[in-house]
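Asks: I would like the atomic coordinates for the input below:
(one chain, ligands or ions: 3)
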Amino acid sequence: MTTLIRGGHIITASDDYIGDILIEGEVVKQIGTNLDVLADKVIDASGKLVIPGSIDPHTHMELPFGGTYSSDDFKTGTIAAAHGGTTTIVDFAVQGKGQTLQEGLDTWHAKANGKCAIDYGFHLICTDFGDDDAPLLHKIMDEEGVSSFKLFMAYPGVFLMDDATIYRVMKAAGPKGGITMIHAENGIVINEIIKETLAEGNTAPRYHALSRPPAAEAEGVHRAIAMSELAKAPVYIVHVSCSEALDEIKAARDKGLPVYGETCTQYLTLDVSCYDEEGFDGFAGAKYVMTPPIRSSSNHQPLWNGLKNGSLELVSTDHCPFFLKGQKELGRGDFTKIPNGGPGVEPRLAVVYDGAMKHGFSLNKWVELTSTAAAKRFGMYPRKGTIAIGSDADIVVFDPEKPVTWGTEREHMNTDYSLFEGMQTKGDVETVLLRGKVIIEDGQYLGTPGEGQFLKRGATAS
Ligand code: DUC
Ligand code: ZN
Ligand code: ZN
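Replies: Residues are numbered from 1 along each chain as shown. Ligands and ions are numbered 1, 2, ... in the order given. Predicted coordinates:
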């Protein structure tokens with residue numbers, strides 16, 4: 001099967017030109033202008049942007065949380081991702097309590113196998129890592145294609161790992177080209193604040209945000225960076241939400257340390273007042289209960305600046321949806337029981353496009369933030385993250401002018417609300433190809449769940 005994408009405005013992280021792309025089978029075969037070739041299928045991309053398939057390196061499909069599971073499984077979540085122009089996710093496998101690292105990974109393979117609409121890889125959340133476990137981690141890197149390991153400083157009694165464990169994982173992963181990802185929030189102090197908050201009778205969703213202040217995130221980031229310096233290993237800070245945390249990353253990078261960070265669509269766009277949204281019997285604010293919480297809009301410009309100047313290297317989603325009805329509702333009367341997370345995997349590419357254009361980013365930088373940087377950071381480049389001869393033909397044809405109104409009516413994620421209900425942006429996904437096959441056309445999913453492949457990833461970028 002051959003496909004010719006004709007006359008599009010081709011954008012990669014480094015290139016910007018008008019051209020044709022010939023796809024043969026699953027990969028890009030030829031790139032040029034006015035290619036004189038016959039193809040089984042021709043896509044007219046004139047007036048459209050043609051970009052590498054988007055990569056979301058932070059999703060949680062079917063994650064057990066607070067007595068329930070995130071509501072997208074690998075089928076519904078990856079179809080929704082495809083609608084939004086995402087052709088690769090990296091989801092977080094969890095080493096359950098009492099499980100080995102390998103068992104955690106096997107559990108996630110069982111969830112995803114045969115279900116995915118797009119390609120996928122796994123990071124591994126470590127909840128137990130002893131003195132003698134480095135060889136197990138190395139085996140997982142070498143044989144399983146998992147090169148990134150996440151540890152939590154938050155959620156005591158569930159995910160929280162002490163500093164010694166974090167340091168041990170960093171020391172094990174770093175020298176082999178692996179990277180340690182940190183959920184950086186001081187969960188111990190946050191728990192004290194939560195106790196005080198509940199004791200004062202404050203139980204509504206807005207107190208979720210008030211009990212997790214920016215200082216708790218900044219402290220976690222500072223400590224993670226100090227440990228990475230001590231371990232002489234790189235660290236990647238996930239879901240940076242505020243300028244206080246960003247400042248820690250910037251200071252470390254100014255010292256030349258291998259410290260990297262991401263932010264998420266919602267921290268670039270939403271404001272803390274969302275917790276006071278009316279409706280659902282005074283509980284609509286639960287939609288936005290995620291960790292870290294949505295901050296004040298004064299953080300938006302610093303976060304965009306951080307993306308522009310390289311302090312932050314990409315935008316992910318932390319996609320972890322729950323239904324408001326029946327799931328978020330578990331926390332009516334006690335915000336600590338609201339499952340943490342929100343739906344985000346679908347709107348990211350277009351919402352970041354809109355914001356990037358408004359903030360004076362180049363088209364190249366938009367592609368870097370939504371695709372290329374993740375491919376490089378997490379060992380998938382140049383198979384993923386670019387349009388080049390021999391690369392997987394994961395390609396998005398994007399209409400830069402088309403207006404979008406976000407909301408449940410157009411979104412496909414398996415939940416009953418949108419984080420961005422009513423928000424208007426410019427620029428929309430038109431056609432999506434996964435390894436040469438059209439899987440989205442004119443808003444319709446044309447693929448077959450299960451055709452998404454597991455990606456064995458290599459060492460992370462240095
Ligand atoms: N944050 C969330 O909001 N949900 C899942 C895990 C996390 O860190
Ligand atoms: Zn996290
Ligand atoms: Zn997460």
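
Asks: number of residues surrounding the closest residue to Gln266 other than its chain neighbours?
Replies: Excluding its sequence neighbours, the residue lying closest to Gln266 (C-beta to C-beta, 6 or more residues apart in numbering) is Leu419, at 5.8 Å. All C-beta atoms are positioned from the backbone trio N, CA, C, and that covers glycine. Neighbour count for Leu419, taken as other C-beta atoms under 10 Å: 25.

Asks: doesn't Leu419 lie inside a strand?
Replies: No: Leu419 is assigned coil when assessed by DSSP: H, G, I helix; E, B strand; the rest coil, not a strand.

Asks: these two touch, right, it and Val289?
Replies: No: contact criterion C-beta atoms under 8 Å: Leu419 and Val289 do not qualify, at 11.2 Å.

Asks: list residues touching both of those two?
Replies: Taking C-beta atoms under 8 Å, 6 or more residues apart in numbering as the contact rule, Leu419 and Val289 both touch Gly342.

Asks: now do the contacts for Val90.
Replies: 55-59, 120-123, 148, 374, 378, 457.

Asks: check the gap between it and Met141 for me.
Replies: 14 Å (C-beta to C-beta, to the nearest Å).

Asks: now swap in Phe74 and tell me
Replies: Separation of Phe74 from Met141 (C-beta to C-beta): 23 Å.

Asks: please enumerate the helices of the stretch 51-200 of the chain.
Replies: 74-83, 101-112, 134-144, 163-173, 187-199 (DSSP state H, counting those that start in this stretch).

Asks: what sits against Ala233?
Replies: Contacts of Ala233 (C-beta under 8 Å, 6+ apart): 170-171, 173-175, 180, 258.

Asks: what does Asp276 give?
Replies: 206, 285.

Asks: ditto for Thr448
Replies: Counting by C-beta under 8 Å, 6+ apart, the residues that Thr448 touches are Ala117.

Asks: host element of Lys402?
Replies: strand 395-405 (DSSP states H and E).

Asks: angle of the helix or strand that comes right after that strand against helix 74-83?
Replies: For strand 395-405, the succeeding helix or strand toward the C-terminus, using DSSP H and E, is strand 424-434. Relative orientation of strand 424-434 and helix 74-83, computed by axes from the mean of the first three to the mean of the last three C-alpha atoms, to 10 degrees: 110 degrees.

Asks: buried stuff in strand 424-434?
Replies: Neighbour counts over strand 424-434 (16 or more other C-beta atoms under 10 Å) mark 425, 427-434 as buried.

Asks: what's the answer for stretch 25-44, then?
Replies: By neighbour count on 16+ other C-beta under 10 Å, the buried set for stretch 25-44 is 26-29, 31, 35, 39, 43.

Asks: reformat those residues as a markdown table; add distance to Ser362 and pLDDT.
Replies: What follows is the buried residues of stretch 25-44, written out as a markdown table (distance: C-beta to C-beta, whole Å; pLDDT from 0 to 100):
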| residue | distance to Ser362 | pLDDT |
| --- | --- | --- |
| Glu26 | 29 | 98 |
| Val27 | 27 | 98 |
| Val28 | 22 | 98 |
| Lys29 | 28 | 98 |
| Ile31 | 20 | 98 |
| Leu35 | 26 | 97 |
| Ala39 | 30 | 98 |
| Ile43 | 24 | 98 |
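
Asks: the helices of the stretch 51-200 of the chain: which one's closest to Tyr275?
Replies: Nearest to Tyr275, of all those, is helix 187-199, at 13.3 Å by C-beta to C-beta.
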